[in-house]
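A.B. asks: Quick one: sequence plus predicted model below, questions after.
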Amino acid sequence: MPLTELVMDRVVSAEARDRDEWSERLVAEVPGLLRYARTLVRDTEQAEDLVQDTVVRALEKAASFRSESLLRTWLHRILHNIAIDRGRKRREDSIDVSDDSLGRIELLWQDDRYTVDAAAVVEQAEAREHMQDALLRVPLIYRSTVVLHDVEGLTMTEVAEIQQIGLPAAKQRLRRGRMMLVSELNRPMPHLSRTEVPMRCWDARAKVSDYLDSELSLRDQGMLETHLATCPTCPPLYAGLVGVRDALGSRRDPDAVIPQRILDRIHAARS
């Protein structure tokens with residue numbers, strides 16, 4: 001065989017191997033993309049459409065993928081952007097949240113008398129349909145942050161990269177999203193009386209999200225733990241946050257079935 005033909009044959013073989021490897025890597029990421037998509041939209045068909053469009057765009061932009069970025073981060077960013085664009089066009093979802101809405105949730109949690117029935121919150125969180133309903137009432141940018149971190153296990157640096165925002169802004173979205181979700185899952189209960197405790201309740205509640213992620217200084221950690229040991233209203237809120245985060249983590253479906261149309265789209269790229 002002439003040298004030029006031999007070289008071309010090897011190039012074609014290498015390209016085929018690259019396409020096969022790319023397809024296999026995409027297939028491996030689909031279950032996580034589906035889990036994420038199902039928390040962003042209201043039905044399975046819409047979620048599968050989101051993932052299929054993500055796969056199509058990833059195949060189109062395969063040459064632009066930079067290996068220094070994690071594939072799952074890149075794919076989740078594509079899906080996130082598609083979901084945001086669709087939500088804005090349809091106006092069916094609250095993509096952005098108004099200052100009034102943010103003010104209400106933070107004023108609620110800033111009230112030292114505010115608390116939740118932690119057992120009821122966790123019970124609701126462990127019921128898949130109740131959790132899904134509560135998630136869909138949290139604005140998308142906050143819901144997305146909570147799901148990416150607490151369900152998919154992405155780091156906050158990866159979440160910030162996906163949402164194309166700074167790390168402090170991503171952490172703020174996580175804190176607010178967790179608070180919103182717990183409040184959505186809470187059944188009304190009477191306010192409890194408050195005794196004098198170290199650290200203001202809002203200061204403690206604003207630090208709980210970082211405490212869950214082991215990101216507090218030893219000093220702040222000690223102050224928060226002392227507060228939780230003596231405050232009558234904050235421990236149920238903390239227990240609600242922990243229970244909801246753990247329930248979100250259990251949403252990973254190890255035997256998730258990848259829809260055939262998505263597999264077909266990926267394998268078609270090999271030809």
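C.D. replies: Looks like it came in fine. Numbers count the residues shown, from 1 in each chain.
A.B. asks: thought A125 was touching L241?
C.D. replies: No. Contact criterion Cβ atoms under 8 Å: A125 and L241 do not qualify, at 10.2 Å. C-beta here means a position set from N, CA and C on the backbone, and glycine is covered the same way.
A.B. asks: So this protein: which segments form each domain?
C.D. replies: 3-93+257-268, 99-249 (automatic domain parsing).
A.B. asks: show me where the protein has helices.
C.D. replies: For the chain, the helices defined by DSSP state H occupy 3-40, 44-60, 71-90, 99-110, 118-126, 128-136, 140-146, 156-163, 167-185, 201-212, 218-230, 234-249, 260-268.
A.B. asks: okay, the ones you listed, which one's buried deepest?
C.D. replies: helix 140-146 (a mean of 24; mean count of other Cβ atoms under 10 Å).
A.B. asks: Give the other helices and strands that that helix contacts.
C.D. replies: Applying 3 or more Cβ pairs under 8 Å, 6 or more residues apart in numbering; DSSP states H and E, one finds that helix 140-146 contacts helix 3-40, helix 71-90, helix 128-136, helix 156-163, helix 167-185.
A.B. asks: okay, the angle between the last one and helix 234-249?
C.D. replies: For the pair helix 167-185 and helix 234-249, the angle between their directions (axes from the mean of the first three to the mean of the last three Cα atoms, to 10 degrees) equals 100 degrees.
A.B. asks: Give me the contacts around helix 167-185.
C.D. replies: Contact partners of helix 167-185, identified using Cβ atoms under 8 Å, 6 or more residues apart in numbering, comprise 102, 105-106, 108-109, 116, 120-121, 124-125, 130-131, 134-135, 137-139, 141-143, 145-146, 149-150, 156-157, 159-160, 163, 165, 205-206, 209-210, 212, 237, 240-241, 244-245.
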